[in-house]
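Novice: my questions are about this predicted structure, shown below with the sequence.
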Amino acid sequence: MAEHKTSYGSIMKATSIFGGVQVFNILITLIRGKFVAILIGTAGMGLNGLLLSGLNLIRTLTSLGVSESAVRDIAKAHNSNDDVKIRTTFQVFKRLIWFTAIFGVVTTIVFSPLLSKFAFKNYEHTTSFIWLSVSFIFGALSGGIYTLLRGTRQLKYLAQANIFGGIIGLLVSIPIFYFYGIQGVVPAIIITAFANFLVSLYFTSKVKVEPITISWKETFHLGKPIVQLGLSLTLVNILAAAVAFTLSAYISGTGSLSDVGLYSAGNAIVDGYVGMVFTAMATDYYPRLSGVINEETKWKKLVNEQAELVLIILGIVLILLLSTAPILIQILLSKEFLASSDYITWAVLAIPLKGMVWVLGFIVLAKGNNKLFLTIEITANLMVLLFNILFYTWLGIKGLGISLTVSYTISSFAMLLILNSKYNFHVSKQVFQLLIVNIFSLLICLFSINYIYSPINFIFELSIVLVTIFYNIYQLNKRININSVFQTVKNKFNK
């Protein structure tokens, strides 16, 4: 029983750590954006955005998804306690990182004229892209260090690296913009990347692995599965971006630019609000799962525990989002965007299902079944696009939220069937109970918002919110003993 609670506690700890890191990074982004707007104006922000979008495109294509895919292999090696395997995996990964860094530099230099022409309709910024190619070396190396920290589950150091990197990036870029204005955009990007690399170097000592000599032939042989999975992840990212672009183009063409703006604003609020849960999953759960994926009892137990805590946290977060959506929109945006609440209030119903799909989807990734992963992702993305187009045509902005719920409902059932057939995996009764209760409470709250009028709806809605929160806190306390956690924190402060 104590071991069971410890496992839940570990998951909760990771969620709280990286949820906090994400909130911090959002604040840093907002502060940086404010200074950039003041110091270099709209033209400078436009230049900065176009240069970064060009670099991100090249990075997506040349990174080969290595940093993401290698997490699985590093976690498995680290969990094996096999010294030779650990050293070999680390050496292969380091060589792959250097390869992707050089590949990114060469590709940027070769295609710099095309990047300039595509982004700015002229060749005036060719030299800028050539200079910016240097950032690929710093970015790849620092990203590689973060991957090592993820794979070895050095959560404390990974969180510190993200926070210090954000602070240093902010402190370095602001003086450059202050003294050089719009001319400082390119130097700021390069120096920020270099500063982040210096921060990451400090944390290399936290993952102490002795070097090992292996041939390049062996490197390519052992690195092949990492690259194959990485290319699958890259293809999925490109497909997701293409689907998002296609949908925006369709909304703009059949509806209006205002509808595109409302949809984008609603998406940003929903994703930002629940992002901490999914960030924690990608950061901690994936390497933990990869480490035990060959031990059937352990990985099945871990998946159900992760699903339970994800649904508990989302249950609290989503009921608050649903009940305060109009207020949040006015605080974060303006009254002009209030119509986006039509999307938000329906989209929240999909998020518990999305949480389930994410938890289950990482099983396929950890197993390394690239073909199945690609098949699932391609089918899911095309289904989402189809339903979005159909429901937007029928119901407008509200239809986009409903289509998301329909898509993830189908995806959830499909994932359960696939995993049952492929890996004989079954979701626990506790997971189904949490899923049904939280979706039901969201449905009642949504009904209250749309069909019960003031002042009764306020009392009814508040009752639902409180009952849902207390229910989920009760479920959380059963798993991690909240009182003991608070007592531990209190004792630390009293020392």
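Specialist: Happy to help now that I have it.
Novice: could you dump stretch 342-352 to CSV, C-alpha only?
Specialist: Output for stretch 342-352, consisting of C-alpha atoms alone and laid out as CSV, is shown next (Å, rounded to 0.1, in the frame of the first residue of the first chain):
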residue,chain,number,x,y,z
ASP,A,342,-19.0,29.0,-27.4
TYR,A,343,-15.9,27.0,-28.5
ILE,A,344,-14.3,26.7,-25.1
THR,A,345,-17.4,25.5,-23.2
TRP,A,346,-17.9,22.6,-25.6
ALA,A,347,-14.2,21.9,-26.1
VAL,A,348,-13.6,21.2,-22.4
LEU,A,349,-15.8,18.1,-22.7
ALA,A,350,-13.1,16.6,-25.0
ILE,A,351,-10.1,17.3,-22.6
PRO,A,352,-10.7,14.3,-20.2
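Novice: hmm, who's touching it?
Specialist: When contacts are defined by Cβ atoms under 8 Å, 6 or more residues apart in numbering, stretch 342-352 is touched by residues 262-263, 266-267, 269-270, 274, 311, 314-315, 318, 321-322, 325, 329, 396-398, 400-402, 404-405, 407-409, 435, 438-439, 442-443, 446, 449-450. For glycine as for every other residue, the C-beta is placed from the backbone atoms N, C-alpha and C.
Novice: centre of the chain to it, how far?
Specialist: Between the centre of stretch 342-352 and the centre of its host chain there is 18 Å, according to Cα atoms, centre = their mean, to the nearest Å.
Novice: what of stretch 9-27?
Specialist: Its chain's C-alpha centre and that of stretch 9-27 lie 12 Å apart, by Cα atoms, centre = their mean.
Novice: I'd like the average pLDDT over that stretch.
Specialist: Averaging pLDDT along stretch 9-27 gives 72.
Novice: and the helix or strand hosting F460, which residues are buried?
Specialist: Take DSSP states H and E as the rule and F460 turns out to sit in helix 456-480. Residues 457, 460-461, 464-465, 468-469, 471-472, 475-476, 479-480 are the ones in helix 456-480 that count as buried (16 or more other Cβ atoms under 10 Å).
Novice: show me what that helix is packed against.
Specialist: Packing contacts for helix 456-480, counted by 3 or more Cβ pairs under 8 Å, 6 or more residues apart in numbering; DSSP states H and E, involve helix 2-62, helix 296-332, helix 429-451, helix 482-494.
Novice: try 7 Å this time
Specialist: Helices and strands touching helix 456-480, by 3 or more Cβ pairs under 7 Å, 6 or more residues apart in numbering; DSSP states H and E, are helix 2-62, helix 296-332, helix 429-451.
Novice: pick the most buried one from those.
Specialist: Stretch with highest mean neighbour count among the helices and strands packed on helix 456-480: helix 296-332 (a mean of 20; mean count of other Cβ atoms under 10 Å).
Novice: chain center to that one, what's the gap?
Specialist: Shown here is helix 296-332, whose average C-alpha point lies 14 Å from the average C-alpha point of the whole chain (Cα atoms, centre = their mean).
Novice: relative to helix 456-480, how tilted is that helix?
Specialist: Here helix 296-332 runs at 150 degrees with respect to helix 456-480, directions being taken by axes from the mean of the first three to the mean of the last three Cα atoms, to 10 degrees.
Novice: so what's the gap between the helix or strand following helix 296-332 and the chain middle?
Specialist: Moving toward the C-terminus from helix 296-332, the next helix or strand (DSSP H and E) is helix 341-347. Centroid separation between helix 341-347 and its chain, computed with Cα atoms, centre = their mean, is 21 Å.
Novice: dump the buried residues of helix 456-480 to TSV, plus pLDDT.
Specialist: Converted to TSV, the buried residues of helix 456-480 look like this (pLDDT from 0 to 100):
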residue	pLDDT
N457	75
F460	82
E461	82
I464	90
V465	91
T468	93
I469	92
Y471	92
N472	92
Q475	89
L476	86
R479	80
I480	79
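Novice: quick one: least confident helix or strand in this structure?
Specialist: Of all the helices and strands that make up the chain, helix 482-494 has the lowest average by mean pLDDT, DSSP states H and E, namely a mean of 56.
Novice: any idea how far G49 is from A188?
Specialist: 13 Å (Cβ to Cβ, to the nearest Å).
Novice: can you list the weak-confidence ranges in the stretch 351-495 of the chain?
Specialist: Within the stretch 351-495 of the chain, the set of residues satisfying pLDDT under 70 comprises 453-454, 482-495.
Novice: quick one: contacts for I376?
Specialist: Under the criterion of Cβ atoms under 7 Å, 6 or more residues apart in numbering, the neighbours of I376 are V364.
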